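Turn this into a model:
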Amino acid sequence: MKSIIALLILNLLAGGQALAQAKPAGLFDVEQRRAALAQPALANIRAACLAIPRDPSWSSLQPIRGLKTTEGYGTDGTANDYAWAVMVLTGRALAGDASSEGALRDFLVTWARAGAFTETELESDAYYALKRVLLPTVFAFSVIQGGLDDEQRKTIAGWLDPLVRKIDHIFDGSVDRNNHRYLTDSVLMAWGAVTGDRALYEKGINRYRTILSEARADGSLPLETRRGSRALWYMRQSLASMTVMAEIAATQGSDLYGMNEGGVSFDRVLSYTLNGIVEPRIVLAYASENYIPGEESDFRKTDLGFLSKRNHGRHYMAWAEAVVARDRSGLATRRLKALLTRSLRSARPLIDEFAGGNATCFWGRG
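This next block holds a predicted model:
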């Protein structure tokens, strides 16, 4: 492991060129986005980056040594304050707030030196919570790494690298093939892009292809639509991870949005989900399997709660910002844009771990 980290640091210090020569690394081209946010045309989006104030109390948050499996349905939420702080500070740093960038740097260094999350339980639910923390942390690092000195970069990267590799674990169940795994591979792909690790990056490409190949002809995902009242909930969650993977690939010059496996593409999966939102009855035949449905046992009561903000001000539909910003001409994208305009825009900034942070700041156009 030490040799892996040493190679990682060397690659980071060299500019992460192992993955793609002369291509920016990470979720998006950080400097290009900074420049765009400084233009008058995106003044309202820059305001969305800065909409949530920096809370001085975040610097007093105590590092969490490990995340745990919770009893019953749900995920360990002890790191919610950490994740929120990272996501808010990253957006503010991207918009040019030097104080927030400094606070984020110090915050990550402190948690890195404390070995935060390194004692997370080796259970699928605990690892799921860890993945949700790691994705925005990786993106935070990608945004501020250019302003770090060598020691700070080594400290944060040396902490993150083994944590990212830790989540690449097989639990011998459906979590190795459903939205849990999609989230895993979005994190691996992101870190691979940031560090120049081609093997990690390719895990996202391969998972994306697998998702499409395992989808039904109508665009539904079998392991997600069986989830009773939360069938559409998990379709949406899968789309969030697919969007992150597609955006990382786009930064490297590859078009995953246009990938087609057996007649199924991103647009087909998106269309099915949007159809279900408009007319939930279309998912009932699949949802009737009622596999781990959550708190609602009646599969006929489709949970559309993801269309509203949740606790900590996060929004599960944040990923829509990236898809709409691509300005693709397909019907699915136009329908998503209409949904964003009609129901989601007023909730900006749209921030969520599954999208890596402040998605309005990362991709929003106006």
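
what are the ranges of the helices in the stretch 201-350 of the chain?
Applying DSSP state H, counting those that start in this stretch to the stretch 201-350 of the chain gives helices spanning 222-225, 231-251, 266-278, 284-287, 320-325, 331-339.

nope, the stretch 1-150 of the chain is what I meant
2-13, 30-37, 43-49, 80-94, 98-113, 124-144, 150-166.

Any chance of JSON lines for the ones you listed, columns distance to residue 336, mean pLDDT and mean neighbour count?
For every residue, glycine as well, the C-beta is placed using N, CA and C. Formatted as JSON lines, the helices of the stretch 1-150 of the chain follow (distance: least, CB to CB, whole Å; pLDDT from 0 to 100; neighbours: other CB atoms under 10 Å):
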{"stretch": "helix 2-13", "distance to residue 336": "35", "mean pLDDT": "54", "mean neighbour count": "15"}
{"stretch": "helix 30-37", "distance to residue 336": "21", "mean pLDDT": "96", "mean neighbour count": "16"}
{"stretch": "helix 43-49", "distance to residue 336": "18", "mean pLDDT": "98", "mean neighbour count": "19"}
{"stretch": "helix 80-94", "distance to residue 336": "22", "mean pLDDT": "98", "mean neighbour count": "24"}
{"stretch": "helix 98-113", "distance to residue 336": "30", "mean pLDDT": "98", "mean neighbour count": "18"}
{"stretch": "helix 124-144", "distance to residue 336": "21", "mean pLDDT": "97", "mean neighbour count": "25"}
{"stretch": "helix 150-166", "distance to residue 336": "30", "mean pLDDT": "98", "mean neighbour count": "18"}
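
so which of the helices of the stretch 201-350 of the chain gets nearest residue 79?
Among the helices of the stretch 201-350 of the chain, helix 231-251 comes nearest to residue 79, with 18.2 Å by CB to CB.

Only C-alpha atoms, please: export that closest one in CSV.
Extracted in CSV, the C-alpha atoms of helix 231-251 (Å, rounded to 0.1, in the frame of the first residue of the first chain):
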residue,chain,number,x,y,z
ALA,A,231,-38.7,1.9,-7.2
LEU,A,232,-38.3,5.3,-8.7
TRP,A,233,-36.3,6.5,-5.8
TYR,A,234,-33.6,4.1,-6.7
MET,A,235,-33.9,4.6,-10.4
ARG,A,236,-33.1,8.3,-9.7
GLN,A,237,-30.3,7.3,-7.5
SER,A,238,-28.8,5.2,-10.2
LEU,A,239,-29.1,8.0,-12.7
ALA,A,240,-27.2,10.2,-10.3
SER,A,241,-24.2,7.9,-10.3
MET,A,242,-24.5,7.4,-14.1
THR,A,243,-24.4,11.2,-14.6
VAL,A,244,-21.3,11.5,-12.4
MET,A,245,-19.5,8.8,-14.4
ALA,A,246,-20.6,10.4,-17.7
GLU,A,247,-19.4,13.8,-16.7
ILE,A,248,-16.0,12.5,-15.6
ALA,A,249,-15.7,10.7,-19.0
ALA,A,250,-16.7,13.8,-20.8
THR,A,251,-13.9,15.7,-19.2
